[in-house]
Structures are given as structure tokens and as C-alpha cells.
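# Okay, here's the prediction I keep looking at, along with the sequence it came from:
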4 protein chains.
Amino acid sequence: MRFFSDNAAACHPAVLEALAEANAMDTAYDGDTWSARLDGVFSELFETKVRALWVTTGTAANCLALAALCPPYGAILCHRDAHIEVDEAGAPGFFTHGAKLMLLDGAGAKVTPAAVEAACDRIRADVHQVQPHALSITNASEYGQVYRAAEVGALGEVAKRRGLGFHMDGARFANAIAFTGERPAEVTWRAGVDALSFGFVKNGGMSAEALIFFKPELAEETLVRRKRAGHLLSKGRFLAAQLLALIDQDRWLVNGRTANAAARVLAEAAGARLALPVETNELFVQMTADEAARLRAAGYDFYDWAPGEVRLVTSWDQDMGAVGKLAEAIAAL
Amino acid sequence: MRFFSDNAAACHPAVLEALAEANAMDTAYDGDTWSARLDGVFSELFETKVRALWVTTGTAANCLALAALCPPYGAILCHRDAHIEVDEAGAPGFFTHGAKLMLLDGAGAKVTPAAVEAACDRIRADVHQVQPHALSITNASEYGQVYRAAEVGALGEVAKRRGLGFHMDGARFANAIAFTGERPAEVTWRAGVDALSFGFVKNGGMSAEALIFFKPELAEETLVRRKRAGHLLSKGRFLAAQLLALIDQDRWLVNGRTANAAARVLAEAAGARLALPVETNELFVQMTADEAARLRAAGYDFYDWAPGEVRLVTSWDQDMGAVGKLAEAIAAL
Amino acid sequence: MRFFSDNAAACHPAVLEALAEANAMDTAYDGDTWSARLDGVFSELFETKVRALWVTTGTAANCLALAALCPPYGAILCHRDAHIEVDEAGAPGFFTHGAKLMLLDGAGAKVTPAAVEAACDRIRADVHQVQPHALSITNASEYGQVYRAAEVGALGEVAKRRGLGFHMDGARFANAIAFTGERPAEVTWRAGVDALSFGFVKNGGMSAEALIFFKPELAEETLVRRKRAGHLLSKGRFLAAQLLALIDQDRWLVNGRTANAAARVLAEAAGARLALPVETNELFVQMTADEAARLRAAGYDFYDWAPGEVRLVTSWDQDMGAVGKLAEAIAAL
Amino acid sequence: MRFFSDNAAACHPAVLEALAEANAMDTAYDGDTWSARLDGVFSELFETKVRALWVTTGTAANCLALAALCPPYGAILCHRDAHIEVDEAGAPGFFTHGAKLMLLDGAGAKVTPAAVEAACDRIRADVHQVQPHALSITNASEYGQVYRAAEVGALGEVAKRRGLGFHMDGARFANAIAFTGERPAEVTWRAGVDALSFGFVKNGGMSAEALIFFKPELAEETLVRRKRAGHLLSKGRFLAAQLLALIDQDRWLVNGRTANAAARVLAEAAGARLALPVETNELFVQMTADEAARLRAAGYDFYDWAPGEVRLVTSWDQDMGAVGKLAEAIAAL
């Protein structure tokens, strides 16, 4: 029973069905009828006119967005634990042609307006120091913490005042929305976000993520950059079909809720062992190496996060019976 | 009835079945059991130890290979009509950090040893001129022409003597092998090729291409570059499964033969109208705009290649009845 | 007696005097009083408000200009024999982050409006092909040929219509102006040029070139790029002082005239041997290897340009006695 | 009286004399007789065979060295206050094509072996995290602190064990050597340093720095990169001549000693106000804004470093009378 990563989960059956349906000859690249529906479907979801591009990875979505928001000689403000800093092999430097990540501290891997202001204040406005051009936050954060719309809005206000583009890495956007119940529009463009990496792979998809531009003009250049980065698949309809299947019937949100619910079951069992409140589908649980070994011996797979702390991640397709048993096992430690 | 591009074809049913089979939780990225089989399966096919990496596009395969073979300050020799020069949005410049494509002429979009030698001879060996570091050829070429093993070997000999890495863009490698009947080993590593972009998407795949390194040491750095370019999918097993399905029962080769056979039917009908001999699945047929319009009015879709010339491409899933009718229509022009 | 390259010439005495005068403590980088005068001095020379930045090489001037005019995913149109293509070690690819040079043909290494139009017409306006974003010409050209203001204007008109930035490599701008007698304004901004690499090193300078922006807004970003490329010298006043010394009393133009005059003396002697009319300070003279050997044996140093053709370059500091003797020697061949 | 920066100092008279001597026609670029002497002269100074390349800025020297030591997808460990991180406008990202600076803490802007080890230990050895490939230290540090040979050696040992290239930014190498009296060889290659940016501009030069490779094979590629970055000046002899003039009669070291001596005079006056021990030519002096204002009113120019702290920098050409008066003024505060 795996609680290792939502990256490893299965695809939703509707995704496989959509792939089968899309398996007829159509125009190549993104000229097909499936891809043509994306702008409309996402515009409806976000209650404003957006441009929606498929890509195959969150890293590609994040870094194409950053390249649109930051010149090669600029800097992007992000949390020290941000995925773009820690887990993308320097992809931001590759896609932006050398822009710099300027690292911020903050509890729960969340960025605060004060941290952004302080970082900007530290930079002299001259040609010797790299100037910040963009802000990137992760929602839910790398620690499963969720920004409320008001928090995003406060950051958006700083970003605007400081002249920073504003990107949201939403690899677990579904889990975040499932937690707060806020509308997607409220936590994104209404709060000042310019571009969103909207994650679907962790949430029932197979190989498709959506890159959403709330400033449609940013999309034009990105279409070129996507091709130039080898990310324009020739049978793009199979990516578009995945996204459409998960948007249909709000499957993305249902899946997010399911994963969160599984995490809550475990969270109640973990109680005081929790290093952080559980808001989405990630749990950081304090336990000794011996306790961890006992759980593993009982067949549970998870990640050693830090000495005396493990990370458990629940997925949309988690078997709730197994979750219940793990909860009992944790409670019994 | 579409004769526009093999990019637009369907996926082979075995590919969809493989995706369904792979749809169980497994280790993320390329740590899964499907990806683990690739090196072995391709080593068997090529009769030598190779490293095989999945990627989602031919552009990514080509440019990751070029980045492994050419430093940022070097040049890559290729044909003036090569896909990397004409149709990849400058991706070679992106992946290599600015290396230059040095363009060669040659009939049928094929490169000759003499052209390579002449290009190298034109360059002064000093720091003012960009020095060639790699050679890239496309097999089958952008005009559907096939390099025989001896031709590749002659280029490989020049490449070795001139200190050039040697890459083959095999977007239509299956069609090339189907035409000559030569062994994959003969036209690649035995002929001096260091890296092969082995195309599957045009040939029954959905979204997986194979990047084959015959010098396994080149693969190590490329694993990092693949991640850095956003090309390490988190559910990589779905790419590996596609490749395995198409290698199984030689489906890739069967598909290549089928597409070629369809092209031959059309070629016989086209006769003296052919601008080039038809060796694979691409036909360049001379016809007036009026003739082309009549074919289109009859429901055939294809590409205007040049004034007085159209391109027809057949696919592995082409309906042979439709092919026969198109042949008749061409003959009747 | 060297007729090898104007790169190898001495500095004008006024340049050395200016260096000595500048040798007092002043503000670092470009905050000094000498640098502060550049915008004004060049604005006067060009009869419009310009921004003038010092750099140490023509390659830096050219490539900073190109980076300001072309995005990483774009193309720059230039002549096949342009210095940026042939002799800058791929620097345009480095400074622009991978933009492509799209090569044009044209007599005397000059670009024609028709060649620009044809090149643009060849490109499909889609994301698969690299789109032209800039045009770069060299005046005087690599073959010493000069664009008249009307010729530049015709190119400027095409550039504007096609949405191309327009750069002039003026490594030998002084020689060009000396030849036509046209005003600097006429052959640059009034003809549509956006940025000029104004060469001083070949023309009496030691280590300073001027990068002139006729659209001042382009300079802002370039100030950052100059620093980022390691081209912001800490004692910048010594570069500014060189430029000021050569602008003073029109020394740049006097030097250009002197070099041209020396070339004309040789040109008259060479007569029918000339492969091209001599407009500035470069001569391409047809002679046999034996004849070239005889001149070398007599103490003259020059470049073998092609089989049966040598290149002679005269400099601002050429000894006119030696020039006269070489003319006699050529005439006597 | 300026105590603002050694960047603003004058050139040594011997440098101007050398420029005048070099002002005869010679071979262009680095093919001249002056440049040809550099390898020999620096090999003698460092008591081993080195390659010595002139460049015009410390930023160019640093970043060319880093590009030789770190691939585009790697990381360079350096102090959080390192010049390459704080004051080079992101040039390391430009020259390395996107490599990352991984920041270390340490008193006096000095790096410790423990900090290097800890940083390396934090990185998982997988393709998701950027792997360290090089270490860069500044000697004397940005706070004027000097590494003793044994300290460098301890870092060199860690670098070797961890597989890191080792670069020293010696913008104030002269001041460092002047302080310890250790041999240049001891604090560089014998301690494991692969490449040294040997600063001359702050130390009596006009526009020439030396990039020294102790592994000569690293220089070959760097010659190409130097040209590609626009840093190969066509009249390179004027840079070589500066370096030769300052190496001659140990002027570089004499100048370093003079600047250090001036700083010591001020340090004694500052006494308990010093935030750090004064080892070279930089002083960090605690004083109130009011005190600073009084000194400025008396004609002294310096840098506000932090609230309650100013930075004074002495130069090789500092007037010792003025230094004495400033010392009195500080003592009298």
C-alpha cells in the first residue's frame, strides 16, 4: 500500500476512455478539435477569458510560465522549498536562459508579503544586482499548506506594486480548491495571478498538465517557446482529451476531495504527531525510525522526510480500506 | 481521406491496451518496471548494449542528442532541409545553448561525405570561426529517401576522422528499415552512429519516442538534461509501455512496411509525375493547381509542397481501399 | 610593411594623451565624467538624441545590439559573409540565447531589399519555423563596399514593413562615411537603423567601440546585458576618453579618409587585377601565388583571401611612402 | 579624498608607459609578442606551468573560469556575499548557460570546509536536484578577509573529494598575498585551486585582468568562450602590456602592500569601532549617521555599508597624508 507520492497513482478511467475516443486521425500538433476546446472550457471554469496550453509536465508548465514573466537577466522570488528550486534540476535556469531564483523563507513553505517586500528592499536598483521580475508561489505548497484567496490577493498586491509577474505552481491546485472551497477565479486572476500551472497528472491524469494564462497576450510567445522546448506533441489531441475528461463532471475537484479526505483520516489518527496541520493530501508525521520500520514491515510505503519525520501522501485512487488500516496502525504506534 | 501527415494517424490498438495495463500504481518518473525494460529490449533489437530513454517528441529526442554531442560553442552539420533546421523552432539552439547548424546541400535531403568534408574544409581552425562538432542526418530523409548502411558507414567514417559526433534523426526509421531490409545495427552503430532518435509516434505510438545512445556514457548527462528540459514525465511508465508495445511482435516494422506499401500503390499510379523515387511513405507528385483542386474536391487531403508539386504521406493505419481509389484518381488526372 | 589588417594598427597619439588625462581617480564603471559626456557628443554627431555605450569589442557591440533586437527564439537576417556569421565564434547565439542567423546572398557582401523579402517569404508564419526579428548589415561591408543612404533607406523600409529590428555593424563606419561624404544621420536613423556598432578600434582607438542606440529605450536593457556579459569595465573612463578623443576634431573621419586614400593609391596600381571596386580601405587583388610570394619577399604582409586572390587592408597610420612603393611593386608584377 | 573603492583608483605610471611602448603595429588579437609572454611570466610567478589569458573585467575572468568548471546543469558553491552572487548581474548564469549558485554562510564572507560538506550533503544524488560541480571562493574576501594557504588547502581537499572544480576570485589577490606573505603557489594550485581570477585593475591596472589556469587543458575551451563572449580584443597587446608592467618589479605586490598599509593606519585609529579585523585594504567601521556625516563634511568619501556601519577602501595610489588626516578625524570622532 503506497503512500509515497501522488505522482505514482493511476489514471482515472475516464482518461483512458477519452484517449480511446481521441484515437482517430485528426490534425496534428494543437490544431485538432480537442485542443481547440481548451480555451473555452478553462475560460468557463475560471470565469474569464484565459488561454490554456497543454504540456506534459509540471516542470514544463512552471518554467514556460516563468520564461514568459522574467527576462534572462532577472530574478524570480520563490520559497526556499519551492519545487522550482528544489526538484526541477535547474529547469528555471534553462527555460529562462539563466534567470535567478531568489529564495524566501516562510512557514509551511508559504510565501508572505513581508518576505517579498524584504527581498525586494535588499536589492539595490542598479545594473550590478539582479533585479526581481517575478514571484512564484505553490498552492497547495510543498508542505500541503493552502493559500486562501485573501493571502494570494495580498501577494498579488505586492507583486503589482513591485512590478513583478505572478505565477502559481498549482501541481496540487485541485487539493487546494477542495480544501478551501473557494472559486478558482478568486485564488488566481482576481488575486493578481498572471499564470497558473494547473496540475492534472497527480490528480487522475496520465501525461497532461494545463498552463493557464490569465493575460492571454503572454500565451503567444509561449506557444513558440513550447515548440522550441520540444513540448509540442504531434498528437496533441491525446493531451487535450485528458484535460477535458478531468474537467468534465468536475472530476479534477472530486479527485482532489477524495485524496484530501484520505489524508484527513490519517491526520486524525496521527494527532499530536503531526508536524503541520493537514490541509490537503500530504502529511508530515513525527515518528521514530523504529516506528517507521514497523509500519513498513506492515506493508506501508512512504518517504523519510527528515530525521524523526516521515511524509505520507494520499492519492485520488487510494483504497479507503487500506487508509483505515494505516490510520489504525498509526494510532497504535 | 487524409494523406497529409503520418503525424496525424491513430495509435495502434496494442498501444492503448498497453496503457490500460500500465494503469496501476508504480514508482514515479522512470523508476517503474516498464521503463526498466527499455535498455534490454532495445539492446536486443540493436544487437549491442544501448541506453534507451523515452521522450515525448522527436524534437526533444533530436535536441537532447545534439546537446550530448555538441558544446554550446560548436556547430552541427546537417542538410539544409533537415527537420532540426526547418521545423523545430530553433530547438537545437535552445537545447545546446546556442550551437549553430551548418547547412549542407544534397539531393533528396541526403547528406554526402563530400559535402561534409567540404564544409569542414571551409572552416579555419581558429577561435574566430565556429568549429563543427557533430553531424546529424535524417533517415528516412525529409524527402522520404533512405540511406543504405554503406552510405551511413561512409558518413560515419568521415565523422570519426573529423572528430564529429554522429546523430541520426530516425523519425521515420521504421520506414527506412522496412525499405532496405537491413538490420537496425547495420545502419546505426556499426556505421558509426552515436545516437538515434527512434520515432514511434508517426508509426503507431501516441506520445513516446525513443532516444537511443550507442555510447552508453552519453546517456548519463542526458538523463539530467531530460529532467532539466521538463521532459521527465512523472508517470513515465505510460511512455515505456507504448514503446514496448510497438517493439513487441515487431509492430514498429510491420507498421513501417504497411505505410510504405500504401505509398508504393500511389507511386505506381503517379508514375512520371514523381519528383523523386518513392522509397518510404512520402510522395512528391507534380500536378497543376487545377489537378490538386480536383483531388481535394474528391475528398483527398494533402500538402502543397511547392508550385506544381504536392506531398502525399501514407500512414500505418491508412485504409487501403481509400489508397486504391486515390491511386485511380491520380492515374486518371 | 603590414597590409594585413586595420586591427593591427597603432592608436592615435590623441588617444594615448586622453588616457593620461583620464588617469585621475573618478567614479567607477560608467559613472564618471568622461562617460557622462558620450550621449551628448554622439547625439550632436548624429543630429538626434541617442544613447551611446562604450564596449571593448565590435563583437560585443554587435551582439548586445542583436540581443536587444531579437528574442532567443527569433532569427536575424544577415549576409552569408557577415562578420557576425563568419568571425565571431557564435557570439550572436551566445548573447541572444540561441537566436539563429538566416543567411542572405548578395554581391560585395551587401544585402539587398529583394534578398530580405525573399528570405521572409520563405518562412511559414507558424510556431515550427524560426521567425525573422531583425536585420543586420555591415557598412562598409566585409568586402569594403559601402551602402549609400538610399540603399540603407530601402532596407530600412523593408525592415519596418516586416517588423524587423535594424542593426548596422559599423566596424568600418568611418571609412564608409569618408567614402560617400554623406552625413552619419542619413545612413543610420534617418534610413531606419535602430542600433549602430560604431567602430573606433580599427580607426585609431585602443580598446573602445561605441554602441549607439537611436531608439534610446533599447539602451536600458542593454546596460544590464553589458554588465551581465562582463563588459562593464570598472575604470570605464578610459574607454570613454578614447571615444571622446577620436570624435574630437573629427579624428575618426580624418583617419577613415587617410586609410581610404592609401587604398586608392594601391587600387590605381592594381587596376584590372581588382576583384571589386575599392570604396574604402580593403582591396581584393587577383594575383598568382608566385606574384604574391614575390611581394612578400619584398617585405609586404597581407592575407591570402582565395586561390588567386589576396586581400590588402590599409590603416589610418599607414606610411604613405611604403604605400607608394607597394603600389609600384604591384604595378610592376 | 576618496575612500570609496579601489575600482576608482588611477593606473600606475608604468602601465601608461607600457601602453605607449606597445603602440606599434603588431599581430592582432592575442597573436602579438606581448601576449605571447604571459604564459611564461605567470608560470614563473606561480612556479608551475600555467596558462594566462587577459580579459578586461573580473566578472569576465570569474565567469569564464566557472564556465570551464561547471556544466549548464550544475551548481557552483559560493558564499552568500560573494561578488559572483551579489554584484555581477547574474553573469555566472549567462556564461555557464544557467548553472546555479548554491549559497553558503560563513564569517567574514569566508567559506569553510564544513559549510561545503554540509551543502553537498543536503543534495540528493538524483536527476531532480542540481548537483554541485564547482566551488568558488574570494581571496581576499568581500570583507577583506584573507584565506591562509592551509585554509585554502582544506577547502581544496574537500573539493577534490567531492569532485568539485575549484575557483578563486582574486580581485584583491595582491592584497591577500601582501598580508600573509605566503607564496602565490601555496595559496593556489598547491592548495588545489584550478583557476584564479588574478585582479590587476584594482591594483594599478587600467583594463586588464589575468585569468590563470593551473590545469592548462581548461584554457583551450576558454579561448573559444572568451572570443564568443566578445572578450577577445583585437589589439590585445595593450592588455598584455598592462599585466607585464605590473608583474615587472613586483609592482602588483608593492601596490597591494601600499594599499594595505594605508588601511592599517586607519584601522589603528578606528580601534574598537572595527566590525572585522583589517587584513587588507577594506575597513568596516561602526559609526553613527551623524559621525559619518561629519567625516563627509570634512571631505571624505566612502560607502554606507549597513545601518551604523561604513566601508572604507584604500587604494594603491592613496595619498598617505590624506590617510593620516582621516585617521586623526576618525580617532577624534
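Structure's in. What do you need?
# where does A:Ile212 land in three-state SS?
At A:Ile212 the chain is in strand, as set by DSSP: H, G, I helix; E, B strand; the rest coil.
# if I look at it, how far off is A:Leu218?
According to Cβ to Cβ, to the nearest Å, A:Ile212 and A:Leu218 sit 10 Å apart. From N, CA and C alone the C-beta is placed, and that goes for glycine too.
# of those two, who's got more company?
Set A:Ile212 next to A:Leu218 and count neighbours by other Cβ atoms under 10 Å in any protein chain shown: A:Ile212 wins out with 29 against 19.
# Bridged to the more buried one, which residues?
The partner list for A:Ile212 in beta bridges (DSSP bridges) reads A:Ala52, A:Leu196.
# Identify the residues contacting it.
A:Ile212 sits next to A:Phe42, A:Phe46, A:Val50, A:Arg51, A:Ala52, A:Thr188, A:Ala195, A:Leu196, A:Ser197, A:Phe198 when contact means Cβ atoms under 8 Å, 6 or more residues apart in numbering or on different chains.
# tell me which of these is nearest to A:Arg273?
A:Ser197 (31.6 Å; Cβ to Cβ).
# The closest residue to the closest one other than its chain neighbours: what secondary structure?
Spatially, and ignoring its direct neighbours in sequence, A:Ser197 is nearest to A:Ala61 (3.7 Å; Cβ to Cβ, 6 or more residues apart in numbering or on different chains). Using three-state DSSP, the structure places A:Ala61 in helix.
# thinking A:Ala61 is in contact with A:Val201, fair?
No. Counting by Cβ atoms under 8 Å, A:Val201 is not a contact partner of A:Ala61; they are 10.1 Å apart.
# Give the residue from the two that has the larger number of neighbours.
A:Ala61 (29 against 24).
# what sits against the more buried one?
A:Ala61 neighbours (Cβ under 8 Å, 6+ apart): A:Val55, A:Ser197, A:Phe198, A:Gly199, A:Glu209, A:Ala210, A:Leu211, B:Gly230.
# Now list the buried members of those residues.
A:Val55, A:Ser197, A:Phe198, A:Gly199, A:Glu209, A:Ala210, A:Leu211, B:Gly230 (16 or more other Cβ atoms under 10 Å in any protein chain shown).
# The last one contacts A:Ala229, correct?
Same thing as B:Gly230. Yes. Between B:Gly230 and A:Ala229 there is a contact under Cβ under 8 Å: 6.8 Å.
# Counting neighbours, what do you get for A:Ser35?
Neighbours of A:Ser35 (other Cβ under 10 Å): 23.
# what's the closest non-adjacent residue to it?
Nearest to A:Ser35 is A:Ala240, by Cβ to Cβ, 6+ apart, at 4.2 Å.
# There's contact between the one you found and A:Asp39 in this structure, I believe.
No. Counting by Cβ under 8 Å, A:Ala240 sits too far from A:Asp39 to count as a contact (10.7 Å).
# These two - which one has more neighbours?
A:Ala240 (26 against 18).
# what's downstream of the one helix or strand that one maps to, the next helix or strand?
Applying DSSP states H and E as the criterion places A:Ala240 in helix A:237-247. Using DSSP H and E, the helix or strand that directly follows helix A:237-247 along the chain is helix A:251-270.
# Just confirm yes or no for that next one near chain B.
No. Shown here: helix A:251-270 not in contact with chain B (Cβ under 8 Å from any Cβ of the partner chain), separated by at least 13.2 Å.
# Can you show me the CA trace of that helix as PDB?
Extracted in PDB, the C-alpha atoms of helix A:251-270 (Å, rounded to 0.1, in the frame of the first residue of the first chain):
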ATOM      1  CA  ARG A 251     -13.600  15.100 -11.800                       C
ATOM      2  CA  TRP A 252     -10.500  17.100 -11.000                       C
ATOM      3  CA  LEU A 253     -12.200  18.500  -8.000                       C
ATOM      4  CA  VAL A 254     -13.800  15.300  -6.900                       C
ATOM      5  CA  ASN A 255     -10.400  13.600  -7.100                       C
ATOM      6  CA  GLY A 256      -8.900  16.400  -5.100                       C
ATOM      7  CA  ARG A 257     -11.500  16.000  -2.400                       C
ATOM      8  CA  THR A 258     -11.000  12.200  -2.300                       C
ATOM      9  CA  ALA A 259      -7.300  12.500  -1.800                       C
ATOM     10  CA  ASN A 260      -7.800  15.100   0.900                       C
ATOM     11  CA  ALA A 261     -10.400  13.000   2.700                       C
ATOM     12  CA  ALA A 262      -8.000  10.100   2.900                       C
ATOM     13  CA  ALA A 263      -5.400  12.400   4.300                       C
ATOM     14  CA  ARG A 264      -7.800  13.600   7.000                       C
ATOM     15  CA  VAL A 265      -8.400  10.100   8.100                       C
ATOM     16  CA  LEU A 266      -4.800   9.600   8.700                       C
ATOM     17  CA  ALA A 267      -4.400  13.000  10.200                       C
ATOM     18  CA  GLU A 268      -6.900  12.300  12.900                       C
ATOM     19  CA  ALA A 269      -5.000   9.100  13.800                       C
ATOM     20  CA  ALA A 270      -1.700  10.900  13.800                       C
END
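# Please state the offset of the next helix or strand after it from the chain centre?
Next along the chain after helix A:251-270, taking DSSP H and E as the criterion, comes strand A:282-286. Its chain's C-alpha centre and that of strand A:282-286 lie 19 Å apart, by Cα atoms, centre = their mean, to the nearest Å.
# what mean pLDDT does strand A:282-286 have?
Summarised as a single mean, pLDDT over strand A:282-286 is 97.
# Packing partners of it?
Strand A:282-286 is packed against helix A:251-270, strand A:309-313, with contacts defined by 3 or more Cβ pairs under 8 Å, 6 or more residues apart in numbering or on different chains; DSSP states H and E.
# Any residue of whichever helix or strand comes after the last one touching chain B?
Next helix or strand after strand A:309-313 toward the C-terminus (DSSP H and E): helix A:320-331. No. Using Cβ under 8 Å from any Cβ, no contact is recorded between helix A:320-331 and chain B, whose separation bottoms out at 11.3 Å.
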